[in-house]
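Asker: kindly return the folded structure for what I paste below:
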Amino acid sequence: MNRLIVFVFFLLTLGANAQVLRLNPPIAADNTSLIIQYYRDGEYDKAVILLEKIFASPNNEGYFDIYFNSLLKLKRYDVAEKAVKKLMRQSPENDAYPVALGKLYQEKGDIQAANKIFNEVINKLPKDEFKIRSMANSFYRFENYDFAVQTFKQGRKILGNDEFFVYELLNIYRFKKDKPMLMQEYLDALATLPQLLPQAQAILPVIFDDKADYQTFQTGILKKIQKFPDAEVYIQLLTWNYIQQQEFDMALRQLIAFDKRTKADGGTLFNAIYTFVDNSAYETAIKAYEYLLTKGKDNPYYLPSKIELLNTKYNIQTTGKPILADLNLLAKDYQTLLDENGNNKNTLFAIKKLANLHAYYLNQAEKAEKGLEEALQMPGLSSQDLGQLKLDLGDIYILTNQPWEAFLVYEQVSKQFEGQSIGNEARFRSAKLSFYQGNFEYSNGQCQVLKAATSQLIANDALNLSLLISDNIQTPTDSNALKMYADAEMLIFRNLPVKAITKLDSIAIAYPQNGLADAVMMTKAKIFIKSNEFQKAAEILKKVSEDFKDGIWTDDALFTLGDLYEKKLNDIVQAKLYFQKLITDYPGSMFSAEARKRFRNLRGDGV
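Answerer: Okay, here's the model as predicted:
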């Protein structure tokens with residue numbers, strides 16, 4: 001039955017006119033389901049008994065495939081041969097029957113006779129695209145994939161166009177896992193069908209086994225670039241191929257060479273840099289932006305490159321273990337950008353980044369407060385921009401020991417944007433502020449409201465915080481332990497990770513019987529992730545997933561593990577394992593849908 005499904009699928013895909021199980025209701029409709037059931041269960045002798053009666057009637061060739069295959073399974077070659085030859089006499093124009101006869105000879109071991117028939121029908125192909133597809137489909141139906149390929153290639157010669165049958169050949173090569181031919185077909189096709197590039201980038205990693213495959217492919221791409229030096233699609237493909245091998249500088253070298261050779265404006269390179277950033281190749285991204293800046297201020301990518309250069313440096317300097325001198329230089333660069341372009345809605349991003357540096361990294365919260373308060377007075381800002389600025393300012397008020405001002409700002413935004421994502425965010429920040437202050441009942445009340453928020457992330461965070469509070473205020477000891485945990489969270493908010501870990505570790509010492517162990521471990525794991533200590537984080541997350549199977553953080557831990565192994569630790573096997581465990585064990589998790597998507601992507605489904 002599986003083979004039958006493959007036959008039907010391929011027929012539909014190629015649009016061929018071959019017929020599989022086409023029914024003639026007046027004769028056999030009642031037996032069709034029974035025949036299929038017998039065939040699926042491998043009871044070919046029973047299927048044949050019913051099929052012989054049907055097949056004896058005129059105009060029932062539609063049952064030929066299943067009848068013929070059942071006879072082959074039973075090794076009743078003489079009967080099968082008689083049936084095929086009868087149909088060949090009745091329909092001499094139908095080349096599917098000679099192919100079936102060749103298949104019969106293959107099954108009997110007479111390869112020479114089979115190949116003779118196959119070559120004859122291929123050599124007689126007419127200059128007709130539809131009939132060429134039909135013939136190739138006949139070969140495919142009887143699992144003669146090489147002859148299907150030969151048919152399509154012969155068809156190209158007959159029709160005088162190498163662009164025909166690209167998708168069909170790609171499908172066959174992929175099905176056969178024929179890496180050399182799949183690579184070559186993509187390389188040949190991309191010159192005229194550049195829209196195939198995303199498909200190639202999705203399919204090739206699924207069949208490539210190791211770096212050697214990428215290097216082989218790289219050789220082919222370079223040959224194409226020599227032949228078509230101005231074809232952007234091959235530069236994009238080579239860049240992608242280098243990135244798959246983590247050779248980011250080589251990718252950049254090719255992009256710069258292409259930009260210089262074609263005297264381009266830098267657009268191809270600018271768009272490619274996002275890939276470097278997505279793969280955390282920040283140093284390579286910086287080199288790329290610096291190259292674009294050499295094109296001068298009149299270049300359309302000058303200012304965008306300057307902006308993205310600063311943002312990339314920001315990503316580098318604010319992850320891992322920040323270096324104070326570098327942070328100060330970055331702050332000066334943002335200030336220079338603002339001095340050159342002024343404070344306005346177009347430079348709002350720089351104002352916010354600079355405020356963030358002052359507040360959380362340079363211990364200059366007062367500067368951050370002043371900068372954001374001034375930004376609120378700028379004309380031309382949208383209500384959403386103003387609302388987000390107020391939220392950021394509220395956070396700064398906490399750092400400058402003005403919790404009441406922070407509370408008022410959060411409340412103002414939550415009322416102004418009632419029911420919207422920014423309003424829910426404001427309410428959640430208010431709940432977190434109350435949590436930091438030890439006002440657990442009020443915080444829990446705010447979370448109860450937010451559990452129905454339209455934003456799934458906010459709703460999940462609110463639910464987790466609510467459960468954390470509810471589970472740990474039953475006794476004075478629990479409440480005291482939770483207050484220490486809230487103090488640790490406040491230290492994290494202030495970007496003091498070392499002090500936060502010390503506080504977290506002290507909870508178990510002060511209150512050995514506390515129920516916060518999984519929350520403490522989860523928080524420490526997040527600290528280690530931010531400091532780029534991914535292996536440490538992974539070990540803690542594994543313990544959370546193994547020791548607290550019914551905990552509120554377990555699904556979060558599993559998803560984070562999958563994400564770490566996929567993006568940071570480069571272990572696809574482990575990534576799939578944890579995504580699958582989340583899907584299987586926690587189907588109701590908010591992470592389940594994304595985990596399923598990531599798992600299927602890693603496995604190569606839907607490509």
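
Asker: mind listing what residue 344 touches?
Answerer: Taking C-beta atoms under 8 Å, 6 or more residues apart in numbering, we find residue 344 in contact with 378, 380. Yep, even glycine has a C-beta here, placed from its N, CA and C like the rest.

Asker: how about residue 222?
Answerer: Residue 222 touches residue 238, counting by C-beta under 8 Å, 6+ apart.

Asker: and stretch 453-465, what's buried?
Answerer: 453, 455, 458, 459, 460, 461, 462, 463, 464, 465 (16 or more other C-beta atoms under 10 Å).

Asker: go on, stretch 304-312?
Answerer: Buried positions in stretch 304-312, judged by neighbour count with 16+ other C-beta under 10 Å: 305, 306, 307, 308, 309, 310, 311, 312.

Asker: go on, stretch 354-366?
Answerer: Buried-residue list, stretch 354-366, by 16+ other C-beta under 10 Å: 354, 355, 356, 357, 358, 359, 360, 361, 362, 364, 365.

Asker: so the fifth one: helix, strand or coil?
Answerer: Recorded secondary structure, residue 358: helix (DSSP: H, G, I helix; E, B strand; the rest coil).

Asker: so the residue nearest to residue 487 when sequence neighbours are not counted is in which element?
Answerer: Distances taken as C-beta to C-beta, 6 or more residues apart in numbering put residue 503 closest to residue 487, at 5.7 Å, once the chain neighbours are dropped. Following DSSP states H and E, one finds residue 503 within helix 497-510.

Asker: average model confidence for the helix or strand where residue 257 lies?
Answerer: Assigning secondary structure by DSSP H and E places residue 257 in helix 248-262. Helix 248-262 shows a mean pLDDT of 91 in the predicted model.

Asker: stretch 523-537 now?
Answerer: Taken as a whole, stretch 523-537 has a mean pLDDT of 95.

Asker: buried residues in that stretch?
Answerer: Along stretch 523-537, these residues count as buried under the neighbour rule (16+ other C-beta under 10 Å): 523, 524, 525, 526, 527, 528, 529, 530, 531, 534, 537.

Asker: how about low-confidence regions in the chain?
Answerer: By pLDDT under 70, the weakly predicted segments of the chain are 1-30, 58-60, 454, 604-607.

Asker: hmm, 80 instead?
Answerer: Along the chain, the model assigns pLDDT under 80 to residues 1-31, 55-63, 452-454, 604-607.

Asker: which strands and helices lie in contact with the helix holding residue 257?
Answerer: Helix 248-262 makes packing contacts with helix 232-244, helix 267-278, helix 282-293 when contacts are defined by 3 or more C-beta pairs under 8 Å, 6 or more residues apart in numbering; DSSP states H and E.

Asker: elements contacting the first one?
Answerer: With contacts taken as 3+ C-beta pairs under 8 Å, 6+ apart, helix 232-244 sits against helix 179-190, helix 197-207, helix 211-227, helix 248-262, helix 267-278.

Asker: one more: the last one?
Answerer: Using 3+ C-beta pairs under 8 Å, 6+ apart, the elements in contact with helix 282-293 are helix 248-262, helix 267-278, helix 302-317.

Asker: adding distance to residue 344, write the ones you listed out as a markdown table.
Answerer: Output for the helices and strands packed on helix 282-293, formatted as a markdown table (distance: least, C-beta to C-beta, whole Å):
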| stretch | distance to residue 344 |
| --- | --- |
| helix 248-262 | 31 |
| helix 267-278 | 23 |
| helix 302-317 | 13 |
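
Asker: what comes up buried for stretch 34-41?
Answerer: For stretch 34-41, burial by neighbour count (16+ other C-beta under 10 Å) applies to 35, 38, 39.

Asker: nope, stretch 310-321 is what I was after
Answerer: For stretch 310-321, by 16+ other C-beta under 10 Å, it's 310, 311, 312, 313, 314, 316, 317, 318.

Asker: could you do stretch 334-343 as well?
Answerer: So stretch 334-343, judged by 16+ other C-beta under 10 Å, has buried residues 334, 337, 338, 343.

Asker: just the closest of those residues to residue 229, please.
Answerer: residue 337 (36.9 Å; C-beta to C-beta).

Asker: ok, the nearest residue to residue 488 once chain neighbours are set aside - contacts?
Answerer: Of all residues not flanking residue 488 in the chain, residue 503 sits nearest, at 4.0 Å (C-beta to C-beta, 6+ apart). Contact analysis of residue 503 by C-beta under 8 Å, 6+ apart lists 484, 487, 488, 491.

Asker: before we move on, the earlier item: can you tell me which of the buried residues of stretch 310-321 is nearest residue 75?
Answerer: residue 312 (67.5 Å).
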